[in-house]
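Participant: Here is my input; please provide its structure:
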Amino acid sequence: MRSYKIYDMLQIAVIREKREEVIKALAKRNFDATAIVDAVIALDEKRRATQVELDNILAESNKLSKDIGALMKSGEKAKAEILKEKSTQFREKGKELTEALNTVAEELTLELYKLPNTPADIVPQGKTADDNINVFEEGEIPVLHEGAQPHWDLIKKYDIIDFELGTKITAPGFPVYKGKGAKLQRALISYFLDKNTEAGYQEVQVPHLVNEASGYGTGQLPDKEGQMYHDAKDDLYLIPTAEVPVTNIYRDVILQESELPVTVTGYTPCFRREAGSWGAHVRGLNRLHQFDKVEIVRIEHPEKSHEALDGMVEHVKEIMRELKLPFRILRLCGGDMGFASALTYDFEVFSTAQDRWLEISSVSNFETFQANRLKLRFKGKDGKTQLAHTLNGSSLALPRVLAGIIENYQTPEGIVIPEVLRKYTGFDIIN
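Facilitator: Sure, this is the predicted structure:
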């Protein structure tokens, strides 16, 4: 951190006034917040006491300055010199208190950054992905022909994605898309963006590198620091998702209520270290260090954000229906949710050749958590300023959608292109 201005990730007033409720809510994440919450409360008390002392010192110093000026005007220089010595002492004390205030503010901010968002009431209790709730499922799982293959074999057979070439150029997890594979990738990006803009989202093109403030603003830092690629020389981070630069467009912004909702979509490559195992379940396109994704972001009035979340879920459903891929929707349990999320729905596509579900989208409501960090507010009709709610969703992440298409649309003659994509690809089969 370069600056330690206090950002109320979870508002300090809420933590102070509802200590037990906050601890209980975070326990749904299997997160024991007791020590951090108590440290926050103690540091906030210290900060406020230091601020009061500093304010008193500054008030006394200002009064002395006026008194010194009056004495000098009246020719009472001796008395003025005595007060000048006292004024110097006040200035030194004020400097000490300012430094102490900055130190306690830094400590308080670092403690606040450790606290994840409190889950919404409907988030189920649970520790792992096994405890997520299947809330929706649609689409018939196709019966594949004898000899059907997983996508990592099919991409070699048709020479459309080259992992070995990507390893040569960069490292494992950075594939090269070729020929019809590259065109299919571009077709998906164009299709997703068109669907989003038709639904009212404004398209933006954003930087693929962000500064530290942007990472902290949306909650990737410090939580996901180990998964992000960092350029130490310029102190910039490669983005893990378009959510980061798109949402940070509105950092330190006060909107008018009439401007809500703000709806934005953007395509970016995404970069993640993705530490962890690299077994058969993450072969091919299942896990990459660089991948493409189209994102949707919303800034909403707090009273309308959960309705907006439902609308985002329906929007992604429509895309899956047009692609004619079997999918399901999971409401994530407390133990499987992202650090900044209050409520998340995951979309998964069924990979017929792998006989397993693959996550392709997360749609989340962060409520005020990101807005607190971003200082993203809106002025209501009553003239009062309050925090907005932020939401985002993948619409969609490409690698596993592509894997699902390659596997579920395979035939003995080749890989059939979903009908909705053919106007973008210019061909209807990869063979």
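
Participant: so where do the helices sit in the stretch 51-200 of the chain?
Facilitator: Listed in chain order, the helices of the stretch 51-200 of the chain (DSSP state H, counting those that start in this stretch) span residues 77-112, 151-157, 163-169, 179-198.

Participant: same thing with the stretch 201-350 of the chain?
Facilitator: If DSSP H, counting those that start in this stretch is used as the criterion, the helices of the stretch 201-350 of the chain fall at 212-218, 243-248, 305-323.

Participant: buried ones in the last one?
Facilitator: Pointing back at helix 305-323 there. 305, 306, 308, 309, 311, 312, 313, 315, 316, 319, 320, 323 (16 or more other CB atoms under 10 Å). Just so you know, the C-beta spots here come from the backbone N, C-alpha and C atoms, and that holds for glycine as well.

Participant: do stretch 26-34 as well
Facilitator: Of the residues in stretch 26-34, those buried by neighbour count under the rule 16+ other CB under 10 Å are 26, 28, 29, 31, 33.

Participant: Quick check on the third one: phi, psi?
Facilitator: As for residue 29, its main-chain torsions (degrees, to the nearest 10) stand at phi -90, psi 0.

Participant: Tell me if I'm right that it and residue 336 touch.
Facilitator: No: between residue 29 and residue 336 there is no contact under CB atoms under 8 Å: 9.2 Å.

Participant: elements contacting the helix-or-strand element of the chain with minimal mean pLDDT?
Facilitator: Ranked by mean pLDDT, DSSP states H and E, the helix or strand of the chain with the weakest confidence is helix 77-112, at a mean of 87. Other elements packing on helix 77-112 under the criterion 3 or more CB pairs under 8 Å, 6 or more residues apart in numbering; DSSP states H and E are helix 34-73.

Participant: avg pLDDT for the helix it packs on?
Facilitator: For helix 34-73, mean pLDDT rounds to 89.

Participant: Can you give the distance of it from its chain's centre?
Facilitator: Taking the mean C-alpha point of helix 34-73 and that of its whole chain, the gap between them comes to 37 Å (CA atoms, centre = their mean, to the nearest Å).

Participant: repeat for stretch 227-237
Facilitator: Once both centres are worked out by CA atoms, centre = their mean, stretch 227-237 turns out to sit 17 Å from its chain's centre.

Participant: Can you give me the buried ones in that stretch?
Facilitator: Buried, per 16+ other CB under 10 Å, within stretch 227-237: 228, 230, 236, 237.

Participant: cool, and stretch 415-431?
Facilitator: With the criterion 16+ other CB under 10 Å, stretch 415-431 contains buried residues 415, 416, 417, 418, 421, 424, 425, 430.

Participant: quick one, what contacts the second one?
Facilitator: If you count contacts by CB atoms under 8 Å, 6 or more residues apart in numbering, residue 416 has them with 409, 410, 428, 429.

Participant: what's the spacing between residue 339 and residue 119?
Facilitator: 11 Å (CB to CB, to the nearest Å).

Participant: I'd say residue 131 and residue 335 touch.
Facilitator: Yes: here residue 131 lies in contact with residue 335, judged by CB under 8 Å, at a distance of 6.6 Å.

Participant: Same drill for these two, tell me which one is more crowded.
Facilitator: Shown here are residue 131 and residue 335; by other CB atoms under 10 Å, residue 335 has more neighbours (20 against 14).

Participant: Would you check that that one makes contact with residue 30?
Facilitator: Yes: under the criterion of CB under 8 Å, residue 335 makes contact with residue 30 at 4.8 Å.

Participant: Which strand residues bridge the closest residue in space to residue 368 that isn't next to it in sequence?
Facilitator: Counting by CB to CB, 6 or more residues apart in numbering, residue 387 is the residue found nearest to residue 368 once chain neighbours are left out, at 4.3 Å. Beta-bridge pairing of residue 387, defined through DSSP bridges, involves residue 377.

Participant: State the distance from residue 387 to residue 257.
Facilitator: 13 Å.
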